[in-house]
Each structure stands twice: as structure tokens, then as C-alpha cells.
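Enquirer: What follows is a predicted protein model with its sequence.
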Amino acid sequence: MSRDIAADIQRIKLFQTEPHACSYLPGRESTTAFVDPDLAVDTEVYERLSMVGFRRSGPYLYTPMCSACKACVPARLPVTQFRPTRAQKRCLKRNMDLKIVRCESIASDQHYSLYAKYINERHADGDMYPPSKPQFDQFLGDAWECTQYLEFYLDHQLIGCAVVDVLPDSLSAIYTYFDPAHDRRGLGNLAVLLQIKIAVEMGKRYVYLGYWIEDCQKMNYKKQYQPIELFEENSWHLSK
């Protein structure tokens with residue numbers, strides 16, 4: 001018997017937060033809708049939710065639901081159409097000396113220390129500062145069944161990690177953290193390029209990149225990857 005995924009989606013109960021200060025745009029308020037955390041969500045339903053703009057953060061699948069603002073625009077890459085720029089090719093070449101390891105757990109002091117250093121030095125103005133071990137475990141360490149980790153090693157030293165969910169027809173880029181001492185390597189850029197490569201190798205069609213926010217420097221970089229699709233007015237369309 002074929003499964004009715006659309007019916008599964010319609011039965012999902014959503015909860016909504018109270019308005020709170022926006023993490024990305026100063027002076028604005030944000031409201032978030034999230035899927036009932038007690039609901040068992042498999043990868044097929046997860047992917048359908050991704051197709052309408054939902055993201056995962058730790059145990060939650062969520063989407064912005066701000067009444068007066070539509071700045072957070074879901075973004076994804078159709079991977080077979082992607083063509084790297086010269087700068088992106090240089091990033092790949094610059095990091096050819098790294099060893100990339102796929103693993104299923106980051107439950108180690110080494111990973112938490114790297115994450116804490118990244119948050120302290122790169123995101124001291126964000127929601128995740130100050131970092132803590134329980135926060136790290138809930139946000140990234142408590143893997144879903146579909147979660148994989150890409151570790152970046154330089155001479156046996158862990159210098160970065162990308163967290164990615166593997167869905168039936170796509171990859172979802174969850175988060176990347178790295179040693180800011182290696183900032184010139186462009187490890188955040190490398191993480192996206194590697195996930196595009198892996199998606200192609202696995203026969204997936206898309207890499208979901210989260211939300212593109214034009215007026216937020218930390219979130220508008222996603223248009224560096226072309227072609228990119230944005231989800232606006234309830235449909236995906238190519239954008240420049």
C-alpha cells in the first residue's frame with residue numbers, strides 16, 4: 001500500500017513561540033512555528049517539510065512565522081546544475097591537504113572544545129553565546145537517524161566539522177563549526193562544496209542551505225552558490 005505523505009503532513013501539530021528579539025535583524029521581533037517535538041518524524045516527512053521551508057535545529061523542526069517580516073527566505077541548491085566559481089575552486093584546491101572523515105557521532109571533548117572556541121570567537125553576539133556542553137549536545141550532538149558528520153583533519157588535528165542530514169532526495173546542511181585560527185582556508189565554504197559533491201555522488205537533487213537573509217551579512221552569503229533556488233510565495237524559483 002502506498003503511503004500518503006501529504007496526509008501525514010496535514011496531521012502534524014504545530015506550536016508557535018511568543019514574539020522575541022530577532023537573532024538576525026536588530027530591532028525586529030521574530031515568531032517561530034515548530035513541529036510537535038513528541039511526534040515521530042521520518043526522513044520522508046522531514047523532506048516534505050524542508051520543501052515548504054522548515055529547518056532542523058537540535059530536536060526541533062521549525063520555520064519562521066513572523067507577521068510583519070518575510071526576510072528569512074529558504075534556500076536550496078539544485079546540485080547537478082551547480083558550477084563552482086574561481087574562488088570556490090581555489091577553496092577546494094587550498095584544502096586538498098585536509099583529510100575528510102564521515103562519522104556518526106561527535107561525542108568527544110575534542111569536538112566540544114572546537115565548537116566552544118568557534119562560538120566564543122566568531123559568534124559572541126549570537127544566541128548560542130556563551131557555549132555550554134548541554135547546549136552543544138542538544139543542538140548538534142544528539143544525532144537524528146539521518147545525521148552524518150564531516151570531520152576536517154589537518155595532520156591528525158580536528159579543525160572543523162560539518163553537520164548534515166541525509167534525506168531521500170536531498171541533503172540538509174545543519175551547521176558547521178571550525179577553528180577560527182584557520183579562517184583563511186574558508187572552511188565554511190568548503191563544507192558547502194563538500195556537501196554538494198556528496199549529494200551528487202549519492203544521486204540527491206538538492207542541498208538545503210537554510211535561510212537566506214538579504215540584510216544580514218552572516219546569512220546572505222548563500223547567493224555565492226549558483227544557481228540557487230529560493231522559496232517565496234509558496235513556490236521554489238531560481239534566483240540570481
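Expert: Noted; the coordinates are in hand.
Enquirer: Please make it C-alpha for all contacts and neighbour counts, starting now.
Expert: Will do.
Enquirer: contacts for the longest helix along the chain?
Expert: If you go by DSSP state H, the chain has its longest helix at helix 187-202. If you take CA atoms under 8 Å, 6 or more residues apart in numbering as the criterion, helix 187-202 is touched by 79-80, 88, 91-92, 95, 160-162, 164, 170-171, 173, 176-178, 205-207.
Enquirer: From those residues, list the buried ones, please.
Expert: Buried by 16 or more other CA atoms under 10 Å: 79, 88, 91-92, 160-162, 164, 170-171, 173, 176-178, 205-207, out of the contacts of helix 187-202.
Enquirer: so where's the chain uncertain?
Expert: 1-9 (pLDDT under 70).
Enquirer: Where does the residue nearest the centre of it sit, in terms of helix or strand?
Expert: Centroid-nearest residue in the chain: Ile174, 2.7 Å away (criterion: CA atoms, centre = their mean). Ile174 belongs to strand 170-178 when elements are defined using DSSP states H and E.
Enquirer: angle of that strand against helix 187-202?
Expert: 150 degrees (axes from the mean of the first three to the mean of the last three CA atoms, to 10 degrees).
Enquirer: Quickly run through the sheet partners of strand 170-178, with directions.
Expert: Partners of strand 170-178 in the sheet, by DSSP bridges, are strand 157-167 (antiparallel), strand 206-212 (parallel).
Enquirer: which residues touch the shortest one?
Expert: So that's strand 206-212. Counting by CA under 8 Å, 6+ apart, 50, 55, 71-79, 169-174, 195-196, 199, 219-223 sit against strand 206-212.
Enquirer: Sort out which residues of the longest helix of the chain are buried, please.
Expert: Leu187, Gly188, Asn189, Leu190, Ala191, Val192, Leu193, Gln195, Ile196, Lys197, Ala199, Val200.
Enquirer: Skipping adjacent residues, who's closest to Gln92 in space?
Expert: That one is not Gln; residue 92 is Leu. Once flanking residues are discounted, Leu92 sits nearest to Leu190: 6.5 Å by CA to CA, 6 or more residues apart in numbering.
Enquirer: Lys70 versus that neighbour, what's the distance?
Expert: 29 Å (CA to CA, to the nearest Å).
Enquirer: Equivalent analysis for Tyr149, please.
Expert: For Tyr149, the distance to Lys70 - CA to CA - is 31 Å.
Enquirer: Counting neighbours, go ahead and name the busier of those two.
Expert: Counting neighbours by other CA atoms under 10 Å for Tyr149 and for Lys70 shows that Tyr149 has the greater number, 23 against 11.
Enquirer: Just the buried residues of the strand or helix carrying the more buried one, please?
Expert: Using DSSP H and E, the element containing Tyr149 is strand 147-154. Neighbour-count burial for strand 147-154 flags Thr147, Gln148, Tyr149, Leu150, Glu151, Phe152, Tyr153 (criterion: 16+ other CA under 10 Å).
Enquirer: would you turn the residues you listed into CSV with distance to Gln10?
Expert: Output for those, formatted as CSV (distance: CA to CA, whole Å):
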residue, distance to Gln10
Thr147, 25
Gln148, 28
Tyr149, 31
Leu150, 34
Glu151, 37
Phe152, 40
Tyr153, 43
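Enquirer: what's the domain layout of this protein?
Expert: 5-74, 76-210+221-230 (automatic domain parsing).
Enquirer: Out of these, flag the one nearest Trp236.
Expert: With CA to CA, the closest approach to Trp236 among the domains of the chain belongs to domain 76-210+221-230: 5.4 Å.
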